[in-house]
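# What shape does this take:
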Amino acid sequence: MTENTEKSEQACDGNCSSCGTASTCTDPAKKTSSPIQKVEISVKHIILVLSGKGGVGKSTVATNLAMSLSNKGYDTGIVDLDIHGPNIPKMLGVEDKRLESRDGKTIEPVRLTGKLGVVSMAFLLPDTSSPVVWRGPMKFTAIKQFLEDVNWGDMEYLIVDLPPGTGDEALAIAQLAPNIDGAVIVTTPQDVAVMDSTKAVKFIQQLELPVIGIIENMSGMICPHCGDEIDLFGKGGGKKAAEELDVPYLGSIPIDPEMRKAGDEGRPFVIRKEGDDQHQATWEKVDAVMDNILKELKE
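Below you'll find the model as predicted:
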């Protein structure tokens with residue numbers, strides 16, 4: 001990289017809304033832009049869930065984490081910021097719900113239980129096949145509304161399910177949300193997924209947010225016929241990445257047909273304790289990963 005390229009990448013264009021370091025920037029050009037204010041929301045802990053690429057089970061982790069926290073008695077919210085591919089309502093079994101307002105001023109989250117509420121773009125679309133064709137500024141406005149215009153009440157935890165990659169949505173939430181504890185990075189074991197998860201870790205660090213840890217999803221599979229373990233996508237890539245990046249390793253979750261079934265049926269796997277030995281083994285690993293996230297937050 002040449003000196004001129006380095007300077008052009010570091011130059012400020014005055015557009016703070018799309019800059020990941022706006023909150024700590026000292027560039028004189030920033031003076032031409034109004035600083036972005038944190039939204040006022042009564043929440044003690046905000047946890048971001050993201051991945052470097054799609055298809056690694058990020059939304060599965062987010063839904064199970066939110067359900068696990070609410071089952072432990074914490075007032076919990078989950079906000080689906082995958083604007084273009086909102087899947088959280090389907091995975092929680094509330095895809096037929098719509099957002100409502102009681103006072104004409106604030107939006108009521110869709111309530112699954114007295115301890116768990118959810119907001120998603122899916123609740124605003126006419127049907128599940130409708131695409132959202134938006135540029136960055138419109139997404140920024142929607143994300144801000146999902147935080148400050150929703151009647152969340154007093155929450156212990158807000159789980160934020162982000163789309164894959166390191167784009168507008170992740171930058172927006174980092175700038176707008178208060179009390180962010182950090183990010184959970186989800187990956188699968190194969191090299192290409194680990195490579196992208198490494199970018200996600202460095203992205204979070206660039207935003208000067210803590211990395212809560214890395215989860216290796218789809219880590220091995222127990223054959224339902226012979227009982228042998230099959231490394232379908234490999235194994236150990238997430239743990240190796242965590243060690244190399246010096247961030248916590250939160251554990252692994254194997255491939256289990258019941259996990260897919262749980263998502264399709266809208267009943268998070270973490271609440272499905274009954275089943276055969278294979279199911280029980282998977283459930284114990286999922287539960288351990290959720291507990292490890294809480295342990296990292298308390299340390």
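# use CA for all of it now, contacts and neighbours both
Fine.
# For the residue sitting nearest the centre point of the chain, give its distance to Ile230.
Of all residues in the chain, the one closest to the mean position by CA atoms, centre = their mean is Val49, 2.2 Å from it. Separation of Val49 from Ile230 (CA to CA, to the nearest Å) stands at 27 Å.
# quick one on the thing from earlier: surely the residue nearest to the centre of the chain and Thr63 touch.
No - when contacts are counted by CA atoms under 8 Å, Val49 is not listed as touching Thr63 (10.0 Å).
# Which of the helices or strands spans Leu147?
Secondary structure from DSSP states H and E places Leu147 in helix 136-148.
# List the contacts of that helix.
Residues outside helix 136-148 that contact it (CA atoms under 8 Å, 6 or more residues apart in numbering) are 39-41, 79, 81, 83, 119, 168-169, 172-173, 176-177.
# Greatest separation within those: which pair is it?
Spatial extent of the contacts of helix 136-148 (CA to CA) is set by the pair Glu40 and Ile83 at 21.8 Å.
# neighbour count winner among these two?
Applying other CA atoms under 10 Å to Glu40 and Ile83 shows that Ile83 carries more neighbours, namely 20 against 12.
# Quick check, the more buried one in contact with Val133.
No - in terms of CA under 8 Å, Ile83 does not count as a neighbour of Val133; the distance is 9.4 Å.
# which of the contacts of helix 136-148 are buried?
With burial judged by 16 or more other CA atoms under 10 Å, the buried subset of the contacts of helix 136-148 is 39, 41, 79, 81, 83, 119, 168-169, 172-173, 176-177.
# ranges for the strands of this protein?
Shown for the chain, the strands assigned by DSSP state E span residues 43-50, 76-80, 110-113, 116-120, 155-161, 180-187, 211-222, 229-230, 249-255.
# Run a quick check on Ala200 versus Ala183, I expect a contact.
No - counting by CA under 8 Å, Ala200 sits too far from Ala183 to count as a contact (9.4 Å).
# any shared contact partners between the two?
With contacts taken as CA under 8 Å, 6+ apart, Ala200 and Ala183 have Leu50 as neighbours in common.
# Compare the strands of the chain and give me the one nearest Lys239.
Closest approach to Lys239 among the strands of the chain (CA to CA): strand 249-255, 5.9 Å.
# Return the distance of the closest one from the chain's centre.
Chain-centre distance of strand 249-255: 16 Å, with CA atoms, centre = their mean, to the nearest Å.
# What strands flank that strand, and is each parallel or antiparallel?
Next to strand 249-255 in the sheet, as set by DSSP bridges, lie strand 211-222 (parallel).
# now the strand it pairs with: how far from the chain's centre is it?
Computed by CA atoms, centre = their mean, the chain-centroid distance of strand 211-222 equals 14 Å.
# Run the angle between that strand and strand 180-187 for me.
30 degrees (axes from the mean of the first three to the mean of the last three CA atoms, to 10 degrees).
# and strand 211-222, C-alpha only, in CSV?
Extracted in CSV, the C-alpha atoms of strand 211-222 (Å, rounded to 0.1, in the frame of the first residue of the first chain):
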residue,chain,number,x,y,z
VAL,A,211,-15.3,-9.1,21.9
ILE,A,212,-17.3,-11.3,24.3
GLY,A,213,-16.1,-14.4,22.4
ILE,A,214,-16.3,-16.8,19.5
ILE,A,215,-18.8,-19.6,19.1
GLU,A,216,-18.0,-22.5,16.7
ASN,A,217,-21.4,-23.6,15.3
MET,A,218,-22.0,-26.7,13.1
SER,A,219,-19.0,-28.3,14.8
GLY,A,220,-19.1,-32.0,14.0
MET,A,221,-22.2,-34.2,13.7
ILE,A,222,-23.1,-37.4,15.4
